[in-house]
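S.K.: model the structure of this input:
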Amino acid sequence: MGRYIGPVCRFCRREGMKLYLKGERCYTEKCALERRNYPPGDQGARRKMRKMTEYGRRLREKQKLKRMYNMREEQFVRFFEMAARMREGQVGENLMRLLERRLDNVVYRLGFAASRNQARQIVRHGHILVNGKKVDIPSYLVKEGDVITVSEKSQDFIKKIVEANANEVPAWLESNKEALTGKVVRYPTREEMDTRINERLIVEFYSR
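M.R.: Purely as a prediction, here's the structure:
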């Protein structure tokens, strides 16, 4: 199955929370969730009132995280399996840390893109260098000490995005928005990752 390219606001309504799939535009009063806080479809308002099963809670938590990072199911499963094989740490926290280390997410976190979807396109089109070498794989996992820069030919394009972007850069990254460079200082702690997600439910979903 190909990547979904339709309207993304329906995902926020389906999950009942803002997933910030459009970046800063999700903060405005035009947000679909603000206007219609119930699942999409003719029976959306009725579905919101139904009691959710344990399976449903686990499924919805998995879907939230998968959609936040703009991933297909097979990609998400691959990352989960990678997290499960890690010798140290808890599986759920390892999963979230791996997702944060994706290059497209790091480009977004550094403020070089307004959303993860835009960051994915920026990486895909060869605008980003890691330690001086072009990397066009959005799922590439950055490491501590990696330096992320914008290619010289793309600086004017990215600078316009940065100037319009008010995203706060997390403490595990360093960002020089003037020079359009960033550095992975360390890996993020659980407190620095999305606290709206209950990763335990995701582990339970894949362990059933």
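S.K.: who's in contact with the closest residue to residue 192 other than its chain neighbours?
M.R.: With sequence-adjacent residues excluded and distances taken as Cβ to Cβ, 6 or more residues apart in numbering, residue 192 is closest to residue 170, at 5.3 Å. Bear in mind the C-beta positions are built from the backbone N, C-alpha and C, glycine included. The contact partners of residue 170, taken as Cβ atoms under 8 Å, 6 or more residues apart in numbering, are 109, 188, 192.
S.K.: by neighbours, which of those residues wins?
M.R.: residue 109 (24 neighbours; other Cβ atoms under 10 Å).
S.K.: so for the longest helix along the chain, mean pLDDT?
M.R.: What stands out as the longest helix in the chain, according to DSSP state H, is helix 54-68. For helix 54-68, mean pLDDT is 95.
S.K.: repeat for stretch 129-140
M.R.: 98.
S.K.: chain center to stretch 56-73: distance?
M.R.: Relative to its parent chain, stretch 56-73 has a centroid offset of 11 Å by Cα atoms, centre = their mean, to the nearest Å.
S.K.: identify each buried residue in that stretch, please.
M.R.: Neighbour-count burial for stretch 56-73, counted by 16 or more other Cβ atoms under 10 Å, picks out 58, 60-71.
S.K.: rewinding a little: and after the longest helix of the chain, which helix or strand comes next?
M.R.: helix 73-85 (DSSP states H and E).
S.K.: wait, what's in contact with the spatially most central residue of the chain?
M.R.: Centroid-nearest residue in the chain, with Cα atoms, centre = their mean: residue 69, separated by 3.0 Å. Residue 69 makes contact with 76, 99, 102, 105, 116, according to Cβ under 8 Å, 6+ apart.
S.K.: now list the buried members of those.
M.R.: By 16+ other Cβ under 10 Å, these give 76, 99, 102, 105, 116 as buried.
S.K.: quickly list the domain ranges of the protein.
M.R.: Listed by automatic domain parsing, the domain ranges of the chain are 9-98+195-207, 103-186.
S.K.: what's the burial count for the residue nearest to residue 103 when sequence neighbours are not counted?
M.R.: Leaving aside its chain neighbours, residue 103 sits nearest to residue 140 (4.2 Å; criterion: Cβ to Cβ, 6+ apart). By the criterion of other Cβ under 10 Å, residue 140 has 16 neighbours.
S.K.: surely residue 140 meets residue 102?
M.R.: Yes - with contact defined as Cβ atoms under 8 Å, residue 140 reaches residue 102; the gap is 7.2 Å.
S.K.: quick one: secondary structure of the closest residue to residue 123 other than its chain neighbours?
M.R.: Nearest residue to residue 123 in three dimensions, chain neighbours excluded: residue 138, at 4.7 Å (Cβ to Cβ, 6+ apart). Of the three states, residue 138 takes coil under DSSP: H, G, I helix; E, B strand; the rest coil.
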